[in-house]
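1. Okay, structure incoming, though there's no sequence with it:
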């Protein structure tokens with residue numbers, strides 16, 4: 001008997017009348033409503049007895065109809081590919097929730113985000129500081145509440161963010177950012193240093209908070225794809241696919257086989273060009289600029305292939321609700337092009353890894369150990385470089401991945417070298433996946449989406465090139481988007497950079513940061 005088959009009876013026995021409307025959707029999702037006070041016990045049972053961890057927390061403002069907020073928790077079991085979706089009702093007059101912050105670190109960040117955007121307190125949370133909001137936000141402004149009006153003006157009163165200082169003899173601080181020398185997005189990094197050794201790093205983000213989730217509201221579902229593509233510019237396919245998977249789960253539509261394989265091609269093309277570029281940029285931060293130049297030459301070839309596939313160098317327009325927008329051009333021998341590109345990339349990798357000065361910089365630098373990575377809930381190549389064997393393509397299969405052969409590379413050392421080699425091995429796997437998928441593409445490109453039931457939650461999960469991407473949504477009675485929640489892997493991975501840098505020297509920060517290469521835009525929704 002699987003854990004999922006005995007889960008329902010175990011929860012009914014534990015919570016008795018505390019669980020309402022318990023039912024299975026889409027074969028591997030257990031949905032129900034639970035009293036908010038029972039959520040900590042639920043989380044403990046799911047982890048201790050069923051191997052499921054918290055993946056997402058979402059608040060929906062239902063005050064207009066129900067005089068209450070809804071707090072949705074999504075738990076996932078990676079071993080057996082099933083989910084628990086629990087909903088707690090928070091009365092409008094008492095919008096509070098019990099904190100899970102000390103139980104699971106990512107929950108602490110979800111709860112701080114919810115407080116800033118909805119004004120809902122997490123009772124017992126150990127960190128009362130804001131996460132999203134900066135000092136110039138009015139205290140009573142909660143932008144994701146329905147009907148929330150934009151303040152006439154924002155004024156910075158000069159109040160500094162309450163960083164916890166590190167004291168002691170010989171300790172000094174180095175502030176970096178939020179404005180940087182390169183053409184990158186803003187983020188503030190505050191180093192506590194003894195000599196050149198970093199003993200603490202504080203990271204402050206959300207300088208580019210754009211109200212992305214609010215921008216989805218009121219759109220026709222098909223119009224949401226264009227916004228999803230732009231959540232993080234280097235993750236067009238990852239976000240648009242997760243969004244469309246959520247819509248398709250809600251509609252219960254079956255995607256044609258050709259579209260399933262086409263989606264694999266597009267997602268792996270995105271993974272490939274980003275990993276090739278990252279390898280070059282990591283080499284560049286060791287001073288080996290020639291590898292950077294060659295990798296960006298190879299990347300340019302991949303971007304030109306992207307344009308031939310979708311008409312856009314970043315693959316925009318490739319994914320549509322129900323399938324894909326285009327077929328592969330008949331005059332494009334994509335397999336041969338990729339074989340040539342991979343051979344070129346492999347040569348650059350070999351030359352680079354035979355450079356002892358480069359290897360001296362990579363090995364042992366920025367080590368993130370498995371226990372720390374697990375506690376922080378990191379995702380994607382950062383997790384796999386630290387020995388955590390997770391990959392949504394295998395653990396929660398979607399598109400055509402169940403029908404394709406691939407391996408999930410995992411490294412144990414958790415250093416810059418491991419994160420670099422993750423890029424190399426995954427790039428090689430991506431070429432293999434694309435070639436397999438191309439041999440099986442026949443039939444229609446898309447299926448009609450059909451009816452979307454109102455106020456029923458649905459979600460899509462995709463292994464983007466950085467890691468697991470989650471889109472959660474529901475529509476209103478008119479079929480318009482009512483609430484969309486987005487989780488980019490950067491939300492989970494940014495905090496781990498602080499731990500990876502400990503006991504390293506300040507000059508290794510750019511190298512370590514590049515080996516993580518997290519998205520500001522994907523985090524600062």
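-> Noted; the coordinates are in hand. Because the structure is a prediction, the values reported are computed rather than measured.
2. residue ranges of the helices in the stretch 401-525 of the chain, please?
-> In the stretch 401-525 of the chain, the segments counted as helices under DSSP state H, counting those that start in this stretch are 416-438, 489-500, 509-516, 520-523.
3. Identify whichever of those helices lies nearest to residue 279.
-> helix 416-438 (5.0 Å; CB to CB). Any C-beta I mention is one placed from the backbone N, CA and C, and that applies to glycine too.
4. Need the helices of the stretch 401-525 of the chain in JSON lines (columns: distance to residue 146).
-> Below are the helices of the stretch 401-525 of the chain laid out as JSON lines (distance: least, CB to CB, whole Å):
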{"stretch": "helix 416-438", "distance to residue 146": "41"}
{"stretch": "helix 489-500", "distance to residue 146": "23"}
{"stretch": "helix 509-516", "distance to residue 146": "36"}
{"stretch": "helix 520-523", "distance to residue 146": "24"}
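5. Out of those helices, the one nearest residue 165 is which?
-> For the helices of the stretch 401-525 of the chain, the distance to residue 165 is smallest for helix 489-500, at 15.0 Å, taking CB to CB.
6. quick one on the thing from earlier: how about TSV for the helices of the stretch 401-525 of the chain, with mean neighbour count and mean pLDDT added?
-> Below are those laid out as TSV (neighbours: other CB atoms under 10 Å; pLDDT from 0 to 100):
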stretch	mean neighbour count	mean pLDDT
helix 416-438	22	98
helix 489-500	23	97
helix 509-516	22	95
helix 520-523	22	96
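7. who wins for proximity to residue 18 among those?
-> Here helix 489-500 is closest among the helices of the stretch 401-525 of the chain (CB to CB), at 29.6 Å.
8. From the contact counts, what lies against that closest one?
-> With contacts taken as 3 or more CB pairs under 8 Å, 6 or more residues apart in numbering; DSSP states H and E, helix 489-500 sits against helix 105-118, strand 197-204, helix 370-376, helix 380-385, helix 509-516, helix 520-523.
9. Residues touching that helix, excluding its own?
-> Identification of contacts with helix 489-500 by CB atoms under 8 Å, 6 or more residues apart in numbering yields 105-106, 109, 200-203, 205, 232, 366-368, 372-373, 376-380, 382, 414, 464, 466-469, 512-513, 516, 518-520, 522-523.
10. Quick check: buried residues in the longest helix along the chain?
-> In the chain, taking DSSP state H as the definition, the longest helix is helix 257-284. Counting neighbours by 16 or more other CB atoms under 10 Å, one finds that the buried residues in helix 257-284 are 258-284.
11. again with stretch 304-315
-> 305, 306, 309, 310, 313, 314, 315.
12. Is residue 135 in contact with residue 162, as I believe?
-> No - using CB atoms under 8 Å, residue 135 is not in contact with residue 162, being 10.3 Å away.
13. Settle it for me: which of these two has more neighbours?
-> Ranked by neighbour count (other CB atoms under 10 Å), residue 135 and residue 162 place residue 135 first, with 13 against 9.
14. Can you check what pLDDT the model gives the more buried one?
-> We note a pLDDT of 75 for residue 135 in this prediction.
15. how about the nearest residue to it, chain neighbours excluded?
-> Spatially, and ignoring its direct neighbours in sequence, residue 135 is nearest to residue 159 (4.6 Å; CB to CB, 6 or more residues apart in numbering).
16. which residues does residue 328 contact?
-> Per CB under 8 Å, 6+ apart, neighbours of residue 328: 262, 265, 309, 334, 438, 441.
17. any idea how far the third one lies from residue 159?
-> The one in question is residue 309. As judged by CB to CB, to the nearest Å, residue 309 and residue 159 stand 49 Å apart.
18. re the thing from before, other SSEs contacting the helix or strand following the longest helix of the chain?
-> Per DSSP states H and E, the first helix or strand lying C-terminal to helix 257-284 is helix 289-310. Where contact means 3+ CB pairs under 8 Å, 6+ apart, helix 289-310 is packed against helix 257-284, helix 334-353.
19. can you put those helices in JSON lines and add distance to residue 57 and mean pLDDT?
-> Shown next, in JSON lines, are the helices and strands packed on helix 289-310 (distance: least, CB to CB, whole Å; pLDDT from 0 to 100):
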{"stretch": "helix 257-284", "distance to residue 57": "26", "mean pLDDT": "97"}
{"stretch": "helix 334-353", "distance to residue 57": "39", "mean pLDDT": "97"}
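20. wait, which of those helices is closest to residue 227?
-> Comparison of those against residue 227 by CB to CB identifies helix 257-284 as nearest, at 17.5 Å.
21. Who are the packing partners of the closest one?
-> Secondary-structure packing of helix 257-284 (3+ CB pairs under 8 Å, 6+ apart): helix 236-251, helix 289-310, strand 323-324, helix 334-353, helix 416-438, helix 509-516.
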